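Student: sequence and predicted model, in that order:
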Amino acid sequence: MYMITRKDFLKKSSMIAVGGLLIPSFLRADNSTPKIFGNKEFKPLVSGKPLVIATWDNRKATEAAMNKMKSAGTDLQSGTSLDAVEAGARVPEADPEDHSVGYGGYPDRDGFVTLDACIMDEKGNAGSVTFLQNIMHPVSVARKVMEKTPHVMLSGDGAYQFAIEQGFKKENLLTEKSRLAWEDWKKKNNYIPVGEKNHDTIGILAIDERNNISGACTTSGWAFKMHGRVGDSPILGAGMYVDNEVGGACATGTGEFVMKTLGSFLCVELMRNGRTPQEAVEEAIHRIVKRYDYKDIQVGYLAINKKGEHGAYSIKPGFVYALNQNGENRKLDAESFVK
């Protein structure tokens, strides 16, 4: 059970008054960019590798991922960071109580559970699927796209047919609990997809003992979304991005704004230019709040660098994340723009 649910996180968007915001000086005065973004009170855990980090209280996912890398060392046959992020992402994908990922995910407004995912390895190889139905593990299909095709992204029926050809099993992903929630929503919302109802993801990043970084992202998207909607999660540079020379980043929350700012790619490029992971995620959030009305949106970012340092930041309070590092698998609270 989540101690702080994604729904709680997103509901805060309508509960926090503008008067309670702490606005940085660059928003109060001119639009000049400070030399350093960074919360001086934020003290990340001591750096260390191997490392696994994931959005939300996905400690079961970070545990599964770390278990893949326990025998890593220099043995090329042992679990890699790529194996780790896939194993971690598969945990919530198979959890019927997780209503924003995979099996048990809330359907779109027409009653279809549609899934998006991407995966990226230390060599820059990547695979992605969008609008995939009836397959429980889209992250594994995305990996097959990366390894078995000349493409990066497959969508809809094409992604489904490819999955079946690769040996994945057709399954009904709409649980009774999610179906009843959908039926109740239709009565109250007149078939209009509105509000900040559950629309999240798991983003997961890992560094193995060989100092290689991989990432993955998987979701069932915005609950009761318009049929055909695809969010940021399967889009490289938006929902997740890694560069083995620098680090990696992943996103959660209102995907439309992550797509508009390519936040994960931005975080990595900021780190390439000398920012710490914490400074990078804070500036990525500031790019959103400077440009858009953020009263009714939520976005959170995680980032890691090659030293095994991490950063976490969101627009509003309530974003938690899981960090498995130095023998501890912990749930931590991210700092936020709105206090």
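Tutor: On my side now, so go ahead. Residues are numbered from 1 along each chain as shown.
Student: all helices of the stretch 101-250 of the chain, in order?
Tutor: 138-148, 156-165, 176-189 (DSSP state H, counting those that start in this stretch).
Student: I'd like the average pLDDT over the shortest one.
Tutor: What that stands for is helix 156-165. Mean pLDDT, computed over helix 156-165, is 98.
Student: between that helix and helix 138-148, how many degrees?
Tutor: For helix 156-165 against helix 138-148, the angle by axes from the mean of the first three to the mean of the last three Cα atoms, to 10 degrees is 80 degrees.
Student: likewise for the last one?
Tutor: Here the directions of helix 176-189 and helix 138-148 differ by 110 degrees (the same axes, to 10 degrees).
Student: out of the helices of the stretch 101-250 of the chain, which comes closest to Leu236?
Tutor: Among those, the nearest to Leu236 by Cβ to Cβ is helix 138-148 (10.5 Å). Every C-beta, even on glycine, is put in place using the N, C-alpha and C of the backbone.
Student: least trustworthy helix or strand in the chain by mean pLDDT?
Tutor: None of the helices or strands of the chain scores lower by mean pLDDT, DSSP states H and E than helix 25-28, at a mean of 36.
Student: dump the helices of the stretch 101-250 of the chain to CSV, plus distance to Gly228.
Tutor: Putting the helices of the stretch 101-250 of the chain into CSV (distance: least, Cβ to Cβ, whole Å) gives the following:
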stretch, distance to Gly228
helix 138-148, 16
helix 156-165, 9
helix 176-189, 17
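Student: nearest to Asp83, of those helices?
Tutor: helix 138-148 (9.6 Å).
Student: what residues sit buried inside the closest one?
Tutor: 138-146 (16 or more other Cβ atoms under 10 Å).
Student: what of stretch 327-338?
Tutor: Buried, per 16+ other Cβ under 10 Å, within stretch 327-338: 331, 334-338.
Student: same question for stretch 86-102.
Tutor: 86-93, 95, 98-102.
Student: go on, stretch 266-277?
Tutor: Of the residues in stretch 266-277, those buried (16+ other Cβ under 10 Å) are 266-271, 275-277.
Student: dump the residue contacts of the residue nearest to Val129 when sequence neighbours are not counted.
Tutor: In space, and not counting its chain neighbours, Val129 is closest to Ala159: 4.4 Å by Cβ to Cβ, 6 or more residues apart in numbering. Neighbouring residues of Ala159 by Cβ atoms under 8 Å, 6 or more residues apart in numbering: 129-132, 141, 145.
Student: got CSV for those residues, with distance to Leu205 too?
Tutor: CSV is the format used below for the contacts of Ala159 (distance: Cβ to Cβ, whole Å):
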residue, distance to Leu205
Val129, 19
Thr130, 21
Phe131, 25
Leu132, 22
Val141, 20
Val145, 20
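Student: which two among these are spaced furthest apart?
Tutor: Using Cβ to Cβ, the contacts of Ala159 span at most 13.6 Å, a distance reached by Phe131 and Val145.
Student: tally of neighbours for Phe265?
Tutor: 18 (other Cβ atoms under 10 Å).
Student: I'd say it and Met240 touch.
Tutor: No - using Cβ atoms under 8 Å, Phe265 is not in contact with Met240; the gap is 9.5 Å.
Student: common neighbours of these two, please.
Tutor: Contacts common to Phe265 and Met240, judged by Cβ under 8 Å, 6+ apart, are Ala249.
Student: tell me what the most centrally placed residue in the chain is bridged to.
Tutor: Nearest to the geometric centre of the chain sits Gly203, at 2.8 Å (Cα atoms, centre = their mean). Taking DSSP bridges as the rule, Gly203 bridges to Cys217.
Student: that one contacts Met240, doesn't it?
Tutor: Yes - applying Cβ under 8 Å as the test, Gly203 and Met240 come out as touching, 5.4 Å apart.
Student: what touches both of these two?
Tutor: Listed as contacting both Gly203 and Met240 by Cβ under 8 Å, 6+ apart are 215-217, 233, 250-251.
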